[in-house]
Structures are given as C-alpha cells and as structure tokens.
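# Okay, sequence plus prediction incoming.
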Amino acid sequence: MRRLSVYLMGALILSGLVLSGCPTRPELSVSTSALHFGTMESSTLPGELEYQTELTFEVWNSGCDDTPLVFSVNANQGWISVNPSAEQSAGEDDKVTITVTIDRDYSAKALAFASGIITVESSIGSAQIAVTTAPNYFTETFAGATDLLGKSLVFEPNGGLSYYGLTTEDLGDAFPTDPAGGLLLDFADLGDPIAARPFGDAETVPFYGVNYDTLYISSEGWISFGEPGNSPDSLGNHFRIPQISLFPLDATLPGSMVSYLQDDEKLVITYENAPTPGAPASPNDVQIELYFNGKMTLNYLDVDPAASGVIGLSVGNQQGGQPSDFIESDLNTAPLKVALD
C-alpha cells in the first residue's frame with residue numbers, strides 16, 4: 001500500500017510539472033502585419049521629404065524558450081529584400097530585427113504603387129507581412145483591442161504620401177485633456193449623430209487638409225466631417241464619408257457619458273464608461289483631440305480587450321467601398337514618440 005501511494009504521488013508531481021511548465025514547443029511571433037513604405041523627412045535636407053526605402057520588424061519565440069525557434073524570411077517580389085533571411089530566437093528577450101529594403105526603381109520613379117508579401121516560416125507555423133508603397137490609410141479591422149489599451153495614436157500632417165505621419169504614446173492613467181467642464185451630449189434630446197460647430201475664433205476644424213465648419217458626433221464611437229457618417233460595420237461604410245472611426249461602443253446605455261470641450265487649441269470629444277455593443281459589462285474610456293493646426297490624437301485610456309471592429313481614418317470616397325490600393329494598417333506598431341527634455 002505504501003509503495004502504491006508513493007507511486008501515485010510521484011505521478012501527480014510529474015503531472016504538475018508538465019502542466020505548469022511552458023509549452024513543449026516554441027511559438028512564432030512577429031511585431032507587425034503590414035509595412036507601409038511612404039515618405040519621411042530627408043536626413044540631409046531638413047524640411048524636405050524623401051521616399052522610404054528601409055523599414056524593420058521583429059521576430060521572436062513567444063513559447064517555450066527551452067527550444068529555440070528557427071525561422072526563415074522570404075519575399076515574393078524581386079524588389080523586396082530581407083536581411084537576415086534565416087535566424088533563430090531563444091525566447092521573448094531574444095528578438096531578431098529583420099531589415100526590409102525595397103528598390104523603388106522597379107516602377108516609373110516610384111509613382112506607381114505596388115505590393116508584396118513577406119513570409120516568416122518555421123517548422124511550427126508561419127506569418128505573413130504585407131508590404132506596400134501605396135498610401136497608408138490608417139485603418140485596421142481589429143479582432144481584439146488589447147494592444148490599444150493605454151495607447152495614444154498621434155497623427156500630424158507632414159505633407160507626405162499619406163498626408164499624416166503616425167506615432168504612438170503611452171497614456172499613463174489619465175486622458176491627455178481632462179474632460180471635466182465639457183458640454184455633456186444627450187443623444188435622446190439632440191439626435192444621433194449630433195451636429196456640432198466650432199465657436200469663437202475657430203470657425204472650422206481641419207481633416208485631411210479640408211476645413212469643415214460642422215462635425216457629427218455619434219453614440220456609436222465615430223465622428224464625421226461635413227455630413228453625417230456611417231456605422232463602421234464594414235470597410236466600405238467606413239471609407240464612404242470623411243470620418244474617424246474611434247472605437248465600437250454604445251454611448252446610449254445607462255451610465256455612459258459623452259462630452260464636447262473646446263479650448264484655444266483644439267476640440268475634444270470624450271466617451272466615458274461607454275460599453276462595447278452586446279457587452280454592457282465592458283465599458284470603454286476613449287477620447288479624440290482635434291487640433292486647429294491639423295494634428296489629431298486618438299486616446300484609448302481603457303478599452304474592452306475583446307472588442308472588434310473597424311478603427312481608423314477615412315478621407316471619404318463618394319463612390320463607396322474601400323480604396324483599390326488599400327492594405328490594412330497595424331496602428332499600434334507605429335514608432336513610439338519620445339518626449340525630449
């Protein structure tokens with residue numbers, strides 16, 4: 001009897017070790033799903049723009065670090081090169097930087113848009129990264145919003161191919177602009193969406209270089225310019241009207257609060273405690289700042305990590321449907337903006 005007990009205890013301990021350990025094989029992770037080669041400020045001529053020809057992404061083993069992840073990297077177009085083309089990662093702290101270089105001479109002085117695919121392949125799976133020289137439409141269909149939590153997406157006009165440049169910032173524990181004192185919006189009394197106009201010296205708000213005297217604020221988490229927008233339940237609807245699809249939510253439910261604030265620099269629209277549609281126990285706190293100089297920030301202080309939907313910018317397409325050269329962005333992987341002392 002004692003021998004049996006010892007055997008059973010040993011089996012339980014062994015089982016516990018197996019169950020509590022890391023996965024028995026490595027797992028492939030990449031830092032982005034898309035690389036948009038646009039324009040950037042010239043390193044030799046400050047204030048001048050030049051075409052980007054080199055970007056990077058990272059590959060690492062997010063599974064068990066007892067077994068290194070061996071992988072290869074290949075492109076399906078001759079004008080795309082990668083370095084290194086084969087490598088390995090021992091774990092999450094051992095990320096491999098892949099440099100992607102494109103030859104812009106493949107087209108007539110880089111005026112034509114082209115796209116390709118980079119494949120990262122290993123024995124346990126593969127991942128694909130889209131590469132394009134088309135404009136960045138700053139739009140993504142999220143299947144989960146975990147990676148937006150605590151992030152601020154900062155869009156600033158730069159005169160380049162995509163009109164805006166995008167960087168990210170860490171929010172901390174508060175919105176960049178305190179919404180206290182803003183005008184509370186009642187969709188039941190004022191309609192949905194609510195038409196709003198800048199007041200005082202600021203008679204218009206710019207969006208993609210166009211000055212609008214009216215914007216429309218929806219209870220569903222989108223803001224449109226010049227005319228009522230669409231629920232971004234598809235990419236086609238998102239791109240139909242000039243609008244910002246901030247986050248999928250329902251601000252008509254009890255406890256939700258939406259405010260409109262204006263100061264000398266900007267308009268600020270804040271959604272607080274607004275649940276994800278169909279998930280009333282998952283409130284969201286998001287804010288958009290529209291600066292009169294053209295800058296914009298989309299701030300995700302607290303979001304439902306399981307939320308999904310279309311998020312991003314739309315310059316508007318009166319013909320309907322998404323642009324023919326559209327490739328989804330990977331919004332949260334934009335360079336981190338570091339404050340200078």
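Arrived safely. Numbering: from 1, shown residues only.
# which stretches of the stretch 1-150 of the chain have low pLDDT?
Applying pLDDT under 70 to the stretch 1-150 of the chain picks out residues 1-23, 107-111.
# switch to 80 and redo it
1-24, 40-49, 106-112, 144-146 (pLDDT under 80).
# repeat for the stretch 201-341 of the chain
Applying pLDDT under 80 to the stretch 201-341 of the chain flags the ranges 318-321, 332-341.
# So which residues of it form strands?
205-207, 210-212, 215-217, 222-225, 243-245, 257-262, 266-276, 279-291, 296-302, 309-314 (DSSP state E, counting those that start in this stretch).
# As a markdown table, those with mean neighbour count would be great.
C-beta here means a position set from N, CA and C on the backbone, and glycine is covered the same way. Shown next, in a markdown table, are these (neighbours: other CB atoms under 10 Å):
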| stretch | mean neighbour count |
| --- | --- |
| strand 205-207 | 22 |
| strand 210-212 | 15 |
| strand 215-217 | 25 |
| strand 222-225 | 24 |
| strand 243-245 | 28 |
| strand 257-262 | 18 |
| strand 266-276 | 23 |
| strand 279-291 | 19 |
| strand 296-302 | 21 |
| strand 309-314 | 25 |
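# now the ones you listed as CSV including distance to Thr99?
CSV is the format used below for the strands of the stretch 201-341 of the chain (distance: least, CB to CB, whole Å):
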stretch, distance to Thr99
strand 205-207, 35
strand 210-212, 37
strand 215-217, 41
strand 222-225, 37
strand 243-245, 33
strand 257-262, 44
strand 266-276, 38
strand 279-291, 34
strand 296-302, 29
strand 309-314, 27
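# wait, which of these is closest to Thr101?
Relative to Thr101, the nearest member of these by CB to CB is strand 309-314, separated by 27.2 Å.
# what angle separates that closest one from strand 296-302?
Strand 309-314 and strand 296-302 are oriented at 160 degrees to each other (axes from the mean of the first three to the mean of the last three CA atoms, to 10 degrees).
# Neighbouring strands of strand 309-314 in the sheet, and parallel or not?
Paired strands of strand 309-314, with direction, are strand 139-142 (antiparallel), strand 243-245 (antiparallel) (DSSP bridges).
# Now the element after the longest one, going C-ward?
Same thing as strand 139-142. Of the helices and strands lying after strand 139-142 in sequence (DSSP states H and E), the nearest is strand 151-157.
# Could you list the buried residues of that following strand?
Applying a neighbour-count criterion of 16 or more other CB atoms under 10 Å, one finds Lys151, Ser152, Leu153, Val154, Phe155, Pro157 buried in strand 151-157.
# Next, the angle strand 279-291 makes with that strand.
Strand 151-157 and strand 279-291 are oriented at 30 degrees to each other (the same axes, to 10 degrees).
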